[in-house]
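> coords please:
(2 chains)
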Amino acid sequence: MITTSPPVALPRRFVRRGADWFLRIREASIILVTIGLVIYFQASTPVFLTEGNLITISHYVAPVAIIAAGQVLLLVSGEIDLSVGHVYALAPYLMHFAIDYYGVPVLPAIAIAIAVGACIGLVNGLITVVLRVPSFVTTLGMLFLISGITLMTSHAYPTPIPEKARSVASWLGAAPWAEITWALIIVAVFQILLSGTRWGLHTVAVGGNQHGASEAGVRVNRVKIGNFMIVSSLGALTGILESFYVNSIEPLAGGANIMFAAVAAAVIGGTALAGGSGTIVGALFGAIVLGVLKDGFNLIGINADRFDLILGIAILAAMVLNVYLARLRTGGRT
Amino acid sequence: MTEVLRVEHLAKSFDAIVALRDVTMHLDRGEVLGLIGDNGAGKSTLIKILCGFHRPDSGRILLEGEEASFRSVSHARSLGIDTVYQDLALVDELSVYHNMFLNRELIRWPVLRNRAMRRMAKQHLDDMGVNVPDVRVKVARLSGGQRQAIAVARSIYSAPKILLLDEPLAAMGAKEGALILDLIRDLKARGDVSIVIIAHNYAQVLDVCDRVNLLQHGAITFDRPTAETSLDELTDLVVAEYRNSRIPKQIPTA
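Numbering: from 1, shown residues only, chains lettered A, B, ... in the order given. Next up, the predicted model:
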């Protein structure tokens, strides 16, 4: 990057301007952290930047990044979805039931599973905006409810991917680079949705000043419900992609772990929990940081017990750096 | 003079609280009407009904002689009624030009036409003499007066027939207040827009308005051209209300 080692020939002024420009990009701090971690792990272990290991990292990153894309939208509009990790577990079962018990063709079955995800988001949204239950509580209830449905209908047993679905398995997550490709496309599409469309502008307006937005005629409830539906649909899609990748449908897949990972990725990437600002590309880098840390610690042989401790410290350090850089960014210079 | 707006027997309650009891008022074309009254008299509720934010419980609204029912703020806006709210309804996290075009964005589907919105916002602010460093700056970084000016600029951007200003001069310095008063005078000079202003500063009301209405306990109790009233009279009216509302309670009814 331009900022790291200034060539002597360049006047300091240009370096300063370059640094200013870079710091003004919202994702700057998290990109710096990512680069730093990659350099550190590559220096520690030569296998870090090999194709095999990059594929491993991509499978840590992809599901978190896809869910985070939706979670960022919802967080920006001032709400949160805790139940998305359980929609992730339910969706592949819905696909399996539709194909194996009701004879639905594969792609419509997947569409049904994702549509059910969207409906769960709709219910979350309606309870939150119409009945005015805080989304933290609404989706906490939904978390247990969906988990219960998954465990009851599956009898808590894993099940193989439906035979008929094998034809589409490779491009739906089984091929090495399939999942991360989905993730990158989804991140790109939703970043454009957030920063380049009316929906994104209204999402920021609703999260930034809900009352003001409604006075300006923005349909606050519609925006929030829509974002609940987006997160839930993406959760369902991710669960299906992941089941193709591991080649099995697991009742305890995803859950609170993946949901918190996605929220952490969003927050590490610079999204405000209070609403009003956020970036999906930042959340992608947040997911990469989490994936790189997890993979890197495995490679250098830090044991599993110590992993959480170091991960926790790493998240806190990343956040402190983030807040510090954000302050530099807004301090005086435009 | 032609009547651009008339409301008859408007009433509105929020649960047990009666905000508007029975409001009948009218607004002529090109007129600036000052709406005064004590806190809690129902001024903001009246404005929010006229702009489509609330729906009245009863009564009717006539827009240029035709009975109208506003389904939403956007609907009222499409009928030519625009509003500057007391809290300005600006989003700090958005830029000046995104705020100016909030909920009336220019779109080349599916994306926003940011460049066109920037250009038009800058042009419009320049025309109005509103000074902003850069329309891409977030509203959070502007002064109170600049924010107010942007809210006013936004509301007149679509050339409304009726403009509702809810305390546009509240919490403003003398210089900033003068800027808004100048804006209102410019609009008045154009003659094609009718304005309702809520204000607490009666001197400013007399200065800029053609007529004054006093709202007390959810009804209009006083309606007179500014030329036929004075600062003392307006002050007395409101203070008298305060006295009257206190003294009778002390007197035994039996």
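> Would you map the helices across chain A?
A:12-24, A:28-44, A:51-76, A:84-100, A:106-129, A:135-154, A:166-169, A:178-196, A:198-208, A:210-215, A:220-246, A:255-268, A:280-299, A:304-330 (DSSP state H).
> where does residue B:188 land in three-state SS?
helix (DSSP: H, G, I helix; E, B strand; the rest coil).
> From residue A:226, how far out is the residue sitting nearest the centre point of chain B?
Geometric centre of chain B, nearest residue: residue B:165, 1.9 Å, by C-alpha atoms, centre = their mean. Residue B:165 is 33 Å from residue A:226, where distance means C-beta to C-beta, to the nearest Å. Using the backbone N, CA and C atoms, a C-beta is placed for each residue, glycine as well.
> circling back: check contacts around the residue nearest to the centre of chain B.
B:83-84, B:152, B:155, B:184, B:195-198 (C-beta atoms under 8 Å, 6 or more residues apart in numbering or on different chains).
> Give me the sheet partners of the strand or helix carrying it and which way each runs.
According to DSSP states H and E, residue B:165 maps onto strand B:162-166. Using DSSP bridges, the strands paired with strand B:162-166 in its sheet are strand B:81-84 (parallel), strand B:194-198 (parallel).
> can you pull the contacts of the residue in the stretch 151-254 of chain B that chain A sits nearest to?
Residue nearest to chain A within the stretch 151-254 of chain B: residue B:154 (8.4 Å; C-beta to the nearest C-beta). By C-beta under 8 Å, 6+ apart, the contact list for residue B:154 reads B:84, B:99-100, B:102.
> For the stretch 151-254 of chain B, give me the ranges with low pLDDT.
Residue ranges of the stretch 151-254 of chain B with pLDDT under 70: B:171, B:241-242, B:244-254.
> Sketch out the helices for it, chain order is fine.
B:174-190, B:202-208, B:231-250 (DSSP state H, counting those that start in this stretch).
> Which stretch among those is buried most, on average?
helix B:202-208 (a mean of 18; mean count of other C-beta atoms under 10 Å in any protein chain shown).
> For that one, give me every contacting residue.
Contacts for helix B:202-208 (C-beta under 8 Å, 6+ apart): B:32, B:34, B:36, B:169, B:177, B:181, B:184-185, B:188, B:197, B:199, B:212, B:226, B:229-231, B:234-235.
> quick one: the strands in chain B?
Using DSSP state E, the strands of chain B run over B:3-14, B:17-28, B:32-36, B:58-63, B:66-68, B:81-84, B:107-108, B:111-112, B:162-166, B:194-198, B:211-216, B:219-225.
> quick one: the residue nearest the centre of chain A from residue A:312, how far?
Chain A has residue A:68 as the residue nearest its centroid, 1.8 Å off, counting by C-alpha atoms, centre = their mean. Using C-beta to C-beta, we find residue A:68 at a distance of 19 Å from residue A:312.
> Please apply the same query to residue B:108.
With C-beta to C-beta as the criterion, residue B:108 and residue A:312 are 46 Å apart.
> same deal with residue A:174?
33 Å.
> who has more neighbours, those two?
residue A:174 (18 against 10; other C-beta atoms under 10 Å in any protein chain shown).
> doesn't residue A:247 make contact with the more buried one?
Yes: here residue A:174 reaches residue A:247: they are 6.9 Å apart, a contact under C-beta atoms under 8 Å.
> what's the spacing between residue A:257 and residue A:26?
When residue A:257 is compared with residue A:26 (using C-beta to C-beta), they lie 27 Å apart.
> More neighbours: those two, which one.
residue A:26 (20 against 12).
> what's the pLDDT at the more buried one?
We have a pLDDT of 73 for residue A:26.
> Tell me who's in contact with residue A:56.
Listed by C-beta under 8 Å, 6+ apart, the contact partners of residue A:56 are residue A:295.
> Give me the pLDDT value at it.
Model confidence at residue A:56 (pLDDT) stands at 95.
> State the distance from residue B:167 to residue B:83.
12 Å.
> Those two: who's more crowded?
For residue B:167 versus residue B:83, neighbours defined as other C-beta under 10 Å are more numerous around residue B:83 (28 against 20).
> Ok, which of the helices of the stretch 151-254 of chain B comes nearest residue A:164?
Smallest distance to residue A:164 across those (C-beta to C-beta): 68.2 Å, for helix B:174-190.
> Mind listing residues that contact that closest one?
B:30, B:32, B:128-130, B:143-145, B:148-149, B:152, B:156, B:163, B:165, B:168-169, B:172, B:193, B:195, B:197, B:204, B:207-208.
> Generate a ChimeraX selection restricted to the buried subset of those residues.
Restricted to buried positions by 16 or more other C-beta atoms under 10 Å in any protein chain shown, the ChimeraX selection for the contacts of helix B:174-190 reads:
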select /B:30,32,128,130,145,148,149,152,156,163,165,168,169,172,193,195,197,204,208
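> Pull the contacting residues for the closest residue to residue A:274 other than its chain neighbours.
For residue A:274, ignoring the flanking residues on the chain, the nearest one in space by C-beta to C-beta, 6 or more residues apart in numbering or on different chains is residue A:78 at 7.4 Å. Residues in contact with residue A:78 (C-beta under 8 Å, 6+ apart) are A:206-207, A:210, A:224, A:274-276.
> same check, this time on residue A:213
A:202, A:205-206, A:220, B:89, B:91, B:102.
> nearest to residue B:9, of those?
Nearest to residue B:9 out of the contacts of residue A:213 is residue B:89 (C-beta to C-beta; 28.7 Å).
> Poorly predicted segments of the stretch 201-334 of chain A, please.
In the stretch 201-334 of chain A (pLDDT under 70), the answer is A:318, A:321-323, A:325-326, A:329-334.
> of all the residues in the stretch 1-150 of chain B, which ones are close to chain A?
Residues of the stretch 1-150 of chain B lying near chain A by C-beta under 8 Å from any C-beta of the partner chain: B:53, B:72-74, B:77, B:83, B:85, B:87-94, B:98, B:102-103, B:105, B:107, B:110-112, B:114, B:133-134, B:137.
> Try it again at 7 Å.
B:53, B:72-74, B:77, B:85, B:87, B:89-94, B:98, B:102-103, B:105, B:107, B:110-112, B:137 (C-beta under 7 Å from any C-beta of the partner chain).
> Restricted to buried residues, select those in PyMOL.
Remark: buried members of the residues of the stretch 1-150 of chain B next to chain A, expressed as a PyMOL selection using 16+ other C-beta under 10 Å:
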select buried, chain B and resi 53+73+74+77+85+89+90+91+92+93+94+98+102+103+105+112
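> quick one: which of the residues of the stretch 1-150 of chain B next to chain A sit in helices?
The helices, defined by DSSP H, take in B:73-74, B:77, B:98 from those.
> Ramachandran angles for residue B:130?
Dihedral pair for residue B:130: phi -90, psi 130, per degrees, to the nearest 10.
> if I look at it, how far off is residue B:199?
For residue B:130 relative to residue B:199 (C-beta to C-beta), the value is 20 Å.
> for residue A:314, same thing?
Residue A:314 sits 56 Å away from residue B:199, going by C-beta to C-beta.
> what about the closest residue to residue B:43 other than its chain neighbours, neighbour count?
Closest residue in space to residue B:43, ignoring its immediate chain neighbours: residue B:198 at 4.8 Å, by C-beta to C-beta, 6+ apart. Using other C-beta under 10 Å, the number of residues around residue B:198 comes to 24.
> Return the residues in contact with residue B:198.
Residue B:198 makes contact with B:35, B:43, B:47, B:165-167 under the criterion C-beta atoms under 7 Å, 6 or more residues apart in numbering or on different chains.
> So the residue nearest to the centre of chain A sits against residue A:285, correct?
No: the pair residue A:68 and residue A:285 does not pass the contact test of C-beta atoms under 7 Å, sitting 10.1 Å apart.
> Neighbours of residue A:188, how many?
The local packing of residue A:188 (other C-beta under 10 Å) involves 14 other residues.
> Next one: it from chain B, what distance?
13 Å (C-beta to the nearest C-beta, to the nearest Å).
> What separation do you get for that residue and residue A:196?
11 Å.
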